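J.: structure for this input, please:
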Amino acid sequence: MSANVRVLRPQDQTRFARVGDWLIDLASNRLLRGEREIRPTPKAMAVLRQLMLAGGAPLTRTELLDVVWRDAFPTDDVLTHAITELRRAIEEDPKLPRHIETIPKVGYRLLTPVEWLEQLPGPPGANEAPAAAAAASRDEVPPQRPAILWVTLVALALVAFVMPALVRQPVSARAVRAPQAVQIALPVRPVTAEPDSETFPSIAPDGSSVAYTAHYPGDEGAHIYLRGLSGSPPIRLSRGEAAEELYPVWSPDGTQIAFLRMSGDRCRLVVVAALGGREREVSSCAPRFVDYFDWMRDSRALVVSRSRSVEGEDGKRMASGPSVLHLLSLDDGSVTPIEYQRSDNHPDIQPRVSPDGRRIAFRRGAVPYSDIFVMSADGGAVRQVTRLRARLRGYDWLPDSRHMLVSSDHNGQQSLYLLDVDSGELTSLGMLGASYPSVSRGRPYAVFQQDNADVNLQSFRFDAATDAAGEGIASSTRSEAWPAFAPNDDRLVFVSNRGGDSQLWLFEPGARTSYQLTHHKNVELTAPAWSPDGRRVLYVARGNARSELFSVDVDSGQTRQESDEGDNVRYGTYSADGRSIYYVSDRDGPWQLWQRSIERRTSRRLSDVGAYNVSDGVGDGRVYFTHMNQRGLYALDPATGVEERVSDALEYWNMNAWRVDAYALYYLFGVDGMKPVLYQQPWSGGPPKALRQIEMAVSDASFTFDKDTTRVVVPVTARDDTDVMLLDLSPLADPPPGT
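T.: This is a model prediction of the structure:
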């Protein structure tokens with residue numbers, strides 16, 4: 001133990017402690033071991049604190065519920081969920097716990113002795129340099145296959161423990177300042193803590209309550225709920241029987257809430273009084289994905305994203321080009337395009353109107369390569385604010401109409417940032433997993449969605465019933481996605497954060513184990529694709545406003561960059577003969593199809609069309625791809641440049657959820673809420689055939705078949721405990737004069 005760390009009694013100090021090889025920072029919600037840092041949810045941390053204070057004595061479930069949830073009316077499930085979360089974090093094997101013991105019919109106790117500390121040993125960041133050097137060494141000479149796979153721990157991100165009180169000072173129009181620090185820590189506490197998923201939070205303008213989407217027991221689908229910030233029980237606002245209702249947004253005057261209602265192929269934008277009552281459908285919307293919108297300041301119109309309507313040769317109006325911003329009048333339902341500097345190649349979506357009504361911010365570019373732009377509410381010139389090329393999962397203006405809260409993953413993980421819209425300066429707020437922030441106009445509060453879901457790979461056989469359950473494959477306590485079977489055997493490569501960072505892992509069924517293939521830092525890996533000989537895997541590494549194409553040799557672990565410097569890449573695949581790579585790049589501005597010779601290391605553009613995803617799985621000499629701004633699957637002859645639409649089954653929401661081979665097109669299509677169906681559409685014609693129903697399939701993380709096409713492996717949401725969190729913004733306000 002460090003000589004400058006004094007061991008304390010619990011009654012002296014209950015912030016820092018050591019439990020086994022874990023260091024505990026209770027006030028900051030941190031568990032530390034070596035270079036690893038985990039931030040459990042506040043309730044889980046509060047349970048751990050009570051177990052630590054008990055000094056090894058057992059605590060009953062009733063005692064823990066009474067202390068940790070004393071202001072609520074919890075069920076036993078919330079405690080079970082908190083214990084499960086702690087075990088996933090600190091136990092080597094959560095199924096064989098050595099720290100937290102369950103005492104049947106009694107409760108729990110902490111088996112490991114607790115050392116109470118005055119401070120954490122070692123200065124902050126003391127291990128960063130050696131860690132960086134070790135990481136660099138790993139990147140230069142990747143290790144061979146490990147003899148033992150150490151499956152690391154679940155990282156559930158939060159930055160602060162439950163604060164005793166929130167300051168209620170209003171934020172004035174000039175109160176927010178651009179912080180000088182690199183990172184700011186703000187007080188956070190949960191608004192919801194049920195063992196369910198609560199998403200798309202929207203705080204009332206007066207900061208008194210929050211609207212959100214939830215699928216609670218007894219509901220037929222996901223619906224809109226209201227909840228007070230003081231801990232009152234949820235009240236269902238919407239009364240529709242649709243499969244899914246989502247994305248509630250308060251009107252600026254606080255009297256109405258608009259939201260999206262989806263059922264099958266039908267989507268409607270609905271407005272209802274904030275206190276409930278008669279609902280009014282005001283417009284259609286795009287089904288199966290979030291068709292973002294916002295209110296104009298006068299609460300009489302909405303800003304929506306729609307394709308422009310042009311007159312065709314037959315005199316009929318038709319949609320043309322990428323989506324752009326329109327005004328939807330709530331008085332007569334008319335939709336009018338806003339005249340501003342549009343892009344010919346990239347969609348403009350997710351509008352957010354500033355509190356003073358003078359500016360409209362919007363997101364330009366398809367996920368996950370987006371940036372924030374602003375313009376006058378009257379249209380005209382457009383200014384780019386960020387240059388992140390990132391996955392932006394929500395953003396909202398602060399009351400000063402100059403700053404924003406932004407959820408971005410440009411540094412490798414989804415986090416919350418403070419953005420100065422005028423200067424473009426970003427300041428980290430350090431909240432991993434935070435998305436869809438919503439800011440109150442009258443009080444220094446914001447809410448956000450704390451993502452907490454496990455996505456695991458499941459295998460579904462085609463000789464079983466279409467609705468039979470799947471089997472876990474390459475399972476861990478972390479998240480896996482983007483599976484890809486090798487072409488000639490059943491080795492499976494996939495993306496996982498089970499080692500802490502997003503990396504490629506290889507699962508070998510014969511060995512019953514998985515091992516890490518890549519060793520990148522602070523990037524997100526996506527879209528692995530095998531070479532025809534099964535020796536290399538192509539993939540995209542995205543981070544620091546760049547997206548580059550790499551490949552890794554499966555046997556040696558050696559990686560090499562396949563794209564040119566300055567070339568941003570979305571997806572890539574090997575040609576059927578293995579001599580070139582087809583990929584999607586924005587080198588010339590829009591996202592287009594390119595071909596790269598592996599031997600000559602040179603690239604050429606194949607087409608001017610706006611491409612999204614690409615495959616050469618059919619082997620007929622053509623490249624198959626999805627369009628950026630048009631539905632359907634297309635085939636392109638690289639020699640002639642002739643393009644043909646071969647299917648209209650693919651839309652924007654399932655542009656990643658398809659595969660092709662010599663026999664058919666395979667695709668996921670959502671027919672019943674969160675129960676997508678895998679279809680097979682033979683090239684020879686005839687109706688599509690339903691192969692499997694896959695409940696909770698993640699459509700934007702791909703799927704794969706084994707070499708004999710007897711089963712499919714799909715990323716599936718195994719657990720989703722996403723919560724709504726309350727963020728106190730008062731530390732961002734300037735202190736009153738004279739203080």
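J.: continuing past the lengthiest helix in the chain, what's the next helix or strand?
T.: In the chain, with assignment by DSSP state H, the single longest helix is helix 76-90. Heading C-terminal from helix 76-90, the first helix or strand you meet, by DSSP states H and E, is strand 100-103.
J.: convert the C-alpha atoms of that next one to CSV, please.
T.: The C-alpha coordinates for strand 100-103 follow below in CSV (Å, rounded to 0.1, in the frame of the first residue of the first chain):
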residue,chain,number,x,y,z
ILE,A,100,-20.6,-10.7,-3.4
GLU,A,101,-22.3,-13.7,-1.8
THR,A,102,-26.1,-14.5,-2.1
ILE,A,103,-27.5,-15.8,1.2
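J.: which positions within that strand qualify as buried?
T.: residue 100 (16 or more other CB atoms under 10 Å). For glycine as for every other residue, the C-beta is placed from the backbone atoms N, C-alpha and C.
J.: same question, stretch 621-640
T.: Buried, per 16+ other CB under 10 Å, within stretch 621-640: 622-630, 633-636, 638.
J.: just how off-centre is it within its chain?
T.: 28 Å (CA atoms, centre = their mean, to the nearest Å).
J.: do stretch 293-312 as well
T.: Remark: stretch 293-312 is offset 26 Å from the chain centroid, using CA atoms, centre = their mean.
J.: in that stretch, what's buried?
T.: By 16+ other CB under 10 Å, the buried positions in stretch 293-312 come out as 293-297, 299, 301-307.
J.: same thing with stretch 423-431?
T.: 426-431.
J.: can you count the residues close to residue 384?
T.: If you count neighbours by other CB atoms under 10 Å, residue 384 ends up with 11.
J.: now the nearest residue to it once chain neighbours are set aside: how far from residue 532?
T.: The shortest distance from residue 384 to any non-neighbouring residue, by CB to CB, 6 or more residues apart in numbering, is to residue 373 (5.3 Å). Distance of residue 373 to residue 532, computed by CB to CB, to the nearest Å: 41 Å.
J.: what of residue 38?
T.: Taking CB to CB, one finds residue 38 at 41 Å from residue 532.
J.: quick one on the thing from earlier: turn the buried residues of stretch 621-640 into a markdown table, columns for secondary structure, distance to residue 323 and pLDDT.
T.: Shown next, in a markdown table, are the buried residues of stretch 621-640 (DSSP: H, G, I helix; E, B strand; the rest coil; distance: CB to CB, whole Å; pLDDT from 0 to 100):
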| residue | secondary structure | distance to residue 323 | pLDDT |
| --- | --- | --- | --- |
| 622 | coil | 28 | 93 |
| 623 | strand | 25 | 94 |
| 624 | strand | 24 | 95 |
| 625 | strand | 20 | 93 |
| 626 | strand | 16 | 92 |
| 627 | strand | 13 | 86 |
| 628 | coil | 10 | 78 |
| 629 | coil | 8 | 75 |
| 630 | coil | 12 | 82 |
| 633 | strand | 20 | 94 |
| 634 | strand | 19 | 94 |
| 635 | strand | 25 | 94 |
| 636 | strand | 24 | 93 |
| 638 | coil | 29 | 90 |
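J.: quick one, what contacts residue 479?
T.: 453-456, 496-497 (CB atoms under 8 Å, 6 or more residues apart in numbering).
J.: closest to residue 443 out of those residues?
T.: residue 453 (29.6 Å; CB to CB).
J.: now render the buried residues of stretch 423-431 as a markdown table, adding distance to residue 462, pLDDT and secondary structure.
T.: Output for the buried residues of stretch 423-431, formatted as a markdown table (distance: CB to CB, whole Å; pLDDT from 0 to 100; DSSP: H, G, I helix; E, B strand; the rest coil):
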| residue | distance to residue 462 | pLDDT | secondary structure |
| --- | --- | --- | --- |
| 426 | 48 | 92 | strand |
| 427 | 51 | 91 | strand |
| 428 | 47 | 90 | strand |
| 429 | 47 | 90 | coil |
| 430 | 46 | 80 | coil |
| 431 | 42 | 86 | coil |
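J.: mind putting those residues in TSV, distance to residue 118 included?
T.: Listed next are these as TSV, based on distance: CB to CB, whole Å:
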residue	distance to residue 118
426	35
427	30
428	28
429	28
430	24
431	27
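J.: what is the most widely separated pair among those residues?
T.: 426 and 431 (13.8 Å).
J.: in the stretch 551-700 of the chain, which spans are strands?
T.: 559-561, 569-574, 580-585, 592-597, 603-605, 611-615, 623-627, 633-636, 643-647, 658-660, 664-670, 676-682, 689-693 (DSSP state E, counting those that start in this stretch).
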